[in-house]
Structures are given as C-alpha cells and as structure tokens.
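Chemist: Any chance you could fold what I've pasted below:
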Amino acid sequence: MTTEHVLAWHFLPADRKLRFPPHTLVEVGQTLDHDGELTMCESGLHASVRAIDALDYAPGPVACRVECWGDVEQGADKLVCRHRRVLAMADVTRDLHLFACDEAERALALVDADPRSVEALRVKRLWVDGKATDQELAAAWDAARDAARAAAWDAAWDAAWDAARDAARAAARAAAWDAARDAARAAASASARAAARASARAAANVRLEAVLTKAIGMEGMQT
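Modeler: Numbers count the residues shown, from 1 in each chain. From the prediction side, this is the model:
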C-alpha cells in the first residue's frame, strides 16, 4: 500500500455515470472520494495502471486518465484507492474498434490466414466508418468463424499444448530419468509460453495507451 499519487486508467459506461449508487455523473477535473474501508473488488475507487488491464473491466467505451491517491493498494491488474481525479476522458468506441482490427491483423500476419478472416476485418473497418451494414458485418464474421474457430494466438496456444501432450506421452514410455528430464523441459516450455504471452500483452498495452492518449487529448502533455 502506498500514499503516493498513481496515474492510472479507468473506463465508464457511455452515459459517463458510475455503475454503483449514487451513479454519479463523472466529469473532467472531478475528484471522487471514498471514506469507508478499502477492499479490492468490493469497496473503494478502482483503476488500473495499464490501459489493457483496465479494458478487461470496462463497463463501456469512455476512457479516463485518472490520478489515484490515498492508501493506494495495488493488485495484479488493478488498484483500489480513496481518491480518484479525472484528468481527461473521451468516448473511444471507434478507437477501440480500430485497435481491435489492428491487433487482429497483427496476429493474422503471423500465420497463414484464411482469406475469410482477412475479409472480416476489412468489412469491420468499413462498418466502423458507416460504409457496411450490420448484416454485412455479421455475415463476414460468420464466414470468418467458419474459417477459423480460434484466433491466431489461441491456435498457437493449442499447438503448444498438443506438443506438450505428445511429450508427456513420450515421457510415460521412457525410463524414470528420461521422464523427469522431459518433465523439466515441459515446465521450462510452459514458463516460456507464459513469458511470451506476458510480453505480447505488454507490447499491446503500449500500442493501446498510445491510441487512448491521443484520443483523450493528452498526447504530449506532462502529468
């Protein structure tokens, strides 16, 4: 726990009101205060240091850059505090749609992508700009789902687990020493996968924060 001020991200619904009573309308420059007990996920004012973590909890498309202080308790992907001041905010619906397209295209570039998946993203970009209908977008996504049931990362993840399962079967047929050796290798491989996933998420966060910072008008500002 710290009493220092922490810059973080927070998302609001489209109406810019807090989800819990008294459903306060949030405005730029406003400071919200919590006088009661601080309990992660239950009581207090929450936010996330990384935008990509805040997005996991987003109830809507309004992104806020916030300053948190007052007995700040940090968890793995979010924090809880007594005071939270809004430095800037904006509805980033369009920005998030385009960011999702960018990230999907980045993932598809790593594999031999089915043309239907590529087409779905093309239609999604048209839809964002009002140049494709909801029906056209739905049809494109249905085709993409038929082409690939999992995203590029999920496919790679499944392949990795298939390899690990095959290694485990081989170990079961091996001598005790070989089994132990293979198990150690499998553990190292799992650790490498986790590290790779964390690294990819960190890189995506850098890109997302650049998008949001520009969208809310804080690009180049010192905070």
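Chemist: Would you map the helices across this protein?
Modeler: Secondary structure of the chain (DSSP state H): helices at 51-56, 93-108, 115-128, 134-147, 152-173, 176-215.
Chemist: can you tell me which of these the model trusts least?
Modeler: Lowest mean pLDDT within these: helix 152-173, a mean of 46.
Chemist: What distance do you get for the closest residue to residue 3 other than its chain neighbours to residue 79?
Modeler: Computed as Cβ to Cβ, 6 or more residues apart in numbering, the closest residue to residue 3 that is not its neighbour in sequence is residue 71, at 6.5 Å. For the C-beta atoms, the positions are set from N, CA and C on the backbone; glycine is no exception. Look at residue 71 and residue 79: by Cβ to Cβ, to the nearest Å, they are 10 Å apart.
Chemist: Can you pick out the residue with more neighbours from those two?
Modeler: Shown here are residue 71 and residue 79; by other Cβ atoms under 10 Å, residue 79 has more neighbours (23 against 14).
Chemist: ok, the more buried one - contacts?
Modeler: By Cβ atoms under 8 Å, 6 or more residues apart in numbering, the residues touching residue 79 are 6, 8, 46-49, 68, 72-73.
Chemist: buried subset of the residues you listed?
Modeler: 6, 8, 46-49, 68, 72 (16 or more other Cβ atoms under 10 Å).
Chemist: Domains in the protein, by residue range?
Modeler: Split into domains by automatic domain parsing, the chain comes to 6-91, 95-215.
Chemist: now do the same end-to-end measure for the last one.
Modeler: Taking Cα to Cα, to the nearest Å as the measure, domain 95-215 stretches 7 Å from start to finish.
Chemist: Can you tell me the number of residues neighbouring residue 25?
Modeler: Residue 25: 11 neighbours (other Cβ under 10 Å).
Chemist: With residue 93 as the reference, measure out to the residue lying closest to residue 87 once chain neighbours are set aside.
Modeler: Nearest residue to residue 87 in three dimensions, chain neighbours excluded: residue 65, at 4.6 Å (Cβ to Cβ, 6+ apart). For residue 65, the distance to residue 93 equals 17 Å [Cβ to Cβ].
Chemist: the more surrounded of these two?
Modeler: residue 65 (25 against 15).
Chemist: Wait, the more buried one touches residue 9, no?
Modeler: Yes - counting by Cβ atoms under 8 Å, residue 9 is a contact partner of residue 65 at 6.5 Å.
Chemist: shared neighbours of those two, which are they?
Modeler: Counting by Cβ under 8 Å, 6+ apart, the residues touching both residue 65 and residue 9 are residue 212.
Chemist: which residue packs closest to residue 132, ignoring adjacent ones?
Modeler: Nearest to residue 132 is residue 126, by Cβ to Cβ, 6+ apart, at 3.8 Å.
Chemist: same thing with residue 114?
Modeler: Residue 114's closest residue in space is residue 147 (Cβ to Cβ, 6+ apart), at 3.8 Å.
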